[in-house]
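Participant: sequence first, predicted model second:
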Amino acid sequence: MAQELGVNMTPTLVVLHESIIYKDDDAEMAQCVVESIVGCQNIVTALPATISDYTYTPTEIDDIHPDQAHG
């Protein structure tokens, strides 16, 4: 799976978007890489905003950067 997602180094955080594509009576799952963050410090720095951006769950980043808030 790492190769499919283009992960060449660890740690890497990959944010995926999953869609269901319907064709006739069949359903197929499609995945698209939305964002990829490489390196421990980069992941730790980006994680609060990433959680807020993709889950619409308020985090401390919303208090620090209200312009990035989704709540």
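Facilitator: Yes, it's here.
Participant: and the gap between the residue sitting nearest the centre point of the chain and residue 55?
Facilitator: Residue closest to the mean C-alpha point of the chain, counted by C-alpha atoms, centre = their mean, is residue 15 at 2.4 Å. Going from residue 15 to residue 55 by C-beta to C-beta, to the nearest Å gives 10 Å. Heads up, the C-betas are built off the backbone N, CA and C, glycines and all.
Participant: on that earlier part again, how about the residue nearest to the centre of the chain, secondary structure?
Facilitator: Three-state assignment for residue 15 (DSSP: H, G, I helix; E, B strand; the rest coil): strand.
Participant: can I assume it is in contact with residue 36?
Facilitator: Yes. Under the contact definition of C-beta atoms under 8 Å, residue 15 touches residue 36, with a separation of 7.4 Å.
Participant: tell me which stretches of this structure form strands.
Facilitator: Residue ranges of the strands in the chain, as given by DSSP state E, are 12-23, 26-38.
Participant: what's the closest of the ones you listed to residue 5?
Facilitator: Within the strands of the chain, the stretch nearest residue 5 is strand 12-23; the backing value is 5.0 Å (C-beta to C-beta).
Participant: tilt between that closest one and strand 26-38?
Facilitator: Counting by axes from the mean of the first three to the mean of the last three C-alpha atoms, to 10 degrees, strand 12-23 points 160 degrees away from the direction of strand 26-38.
Participant: I appreciate the help and will end here.
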